[in-house]
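>>> give me coordinates for this.
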Amino acid sequence: MRLRAASTLVVAGALALAGCGDPDGSGSGGGTAELSVGSAYMPQPVSDIAAGFLTITNEGDAADRLTSVSSDVAGQVTVHETVDGAMQEVDGLDIPAHGSLVLESGGNHLMFEQLKRKPKQGQKVSVELRFDRSDPVTVEIPVKPATYTPKAGHGTGQDTGHDTAHKTGHETGH
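Down below sits the predicted model:
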């Protein structure tokens, strides 16, 4: 009898948590984003700005959005979109459900501006990624040579460094 009561409590708790998923009523169905970050790197900066690249994979049933980024190495980190070869700062980038957001050289990327110090090859830069729905994720981005080019598969999370950070199924607003 105790086992049945405990099972009922577990199910009730799970149902209560599921109800937290869509506080704004946006119609996302109450699913959750299940985010992981991989293939992260920063080419060693040669000036007072640097670029950052990574892949955010969402295995969840709900889309999310990268809304801002910060790092103790830079006065400001901005998100940039590249369309037809033209780079522009944006207020965020979408991460589709069951899809990926790829930040890569020549495409969408992060810009580290007003560097407080120039990270050197072999060091790591701590970065906090913030999202519309999910909890923030801290990533340790390795600094690569200034001329580094990732292996094939960077955009699919198959490059080394896929285990850089993981965050699954957590949302704000609970």
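>>> which regions of this protein lie under the pLDDT threshold?
Judged by pLDDT under 70, the chain has its weakly predicted residues at 1-30, 152-174.
>>> what segments of it are helices?
2-18 (DSSP state H).
>>> could you measure from Ala86 over to Ala40?
25 Å (Cβ to Cβ, to the nearest Å). All C-beta atoms are positioned from the backbone trio N, CA, C, and that covers glycine.
>>> those two: which has the busier surroundings?
Ala40 (26 against 7; other Cβ atoms under 10 Å).
>>> skip the chain neighbours and tell me the closest residue to that one.
Leaving aside its chain neighbours, Ala40 sits nearest to Leu54 (3.8 Å; criterion: Cβ to Cβ, 6 or more residues apart in numbering).
>>> what's across from the one you found in the sheet?
Leu103 (DSSP bridges).
>>> pull the number of nearby residues for it.
27.
>>> hang on, it packs against Val137?
No. Shown here, Leu54 and Val137 do not form a contact pair, counting by Cβ atoms under 8 Å, at 10.3 Å.
>>> who touches both of these two?
Val37 (Cβ atoms under 8 Å, 6 or more residues apart in numbering).
>>> mind listing the strands for the chain?
34-43, 50-58, 64-71, 74-83, 86-90, 93-95, 99-103, 109-115, 124-131, 137-144, 165-168 (DSSP state E).
>>> between those, which one is nearest to Lys151?
With respect to Lys151, and counting by Cβ to Cβ, the nearest of these is strand 34-43 at 9.3 Å.
>>> which strands and helices sit next to the closest one?
strand 50-58, strand 124-131, strand 137-144, strand 165-168 (3 or more Cβ pairs under 8 Å, 6 or more residues apart in numbering; DSSP states H and E).
>>> dump those into JSON lines; add distance to Thr32 as well.
As requested, the helices and strands packed on strand 34-43 are exported to JSON lines (distance: least, Cβ to Cβ, whole Å):
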{"stretch": "strand 50-58", "distance to Thr32": "10"}
{"stretch": "strand 124-131", "distance to Thr32": "12"}
{"stretch": "strand 137-144", "distance to Thr32": "14"}
{"stretch": "strand 165-168", "distance to Thr32": "8"}
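>>> which of those strands is buried the deepest?
Scoring the helices and strands packed on strand 34-43 by mean neighbour count under mean count of other Cβ atoms under 10 Å gives strand 50-58 as the most buried, with a mean of 24.
>>> surely Phe53 and Leu110 touch.
Yes. Look at Phe53 against Leu110 with Cβ under 8 Å: they come within range, at 7.4 Å.
>>> tell me, what's touching the two both at once?
Counting by Cβ under 8 Å, 6+ apart, the residues touching both Phe53 and Leu110 are Leu103.
>>> against Asp61, how distant is the residue nearest to Ala40?
Leu54 is 22 Å from Asp61, by Cβ to Cβ.
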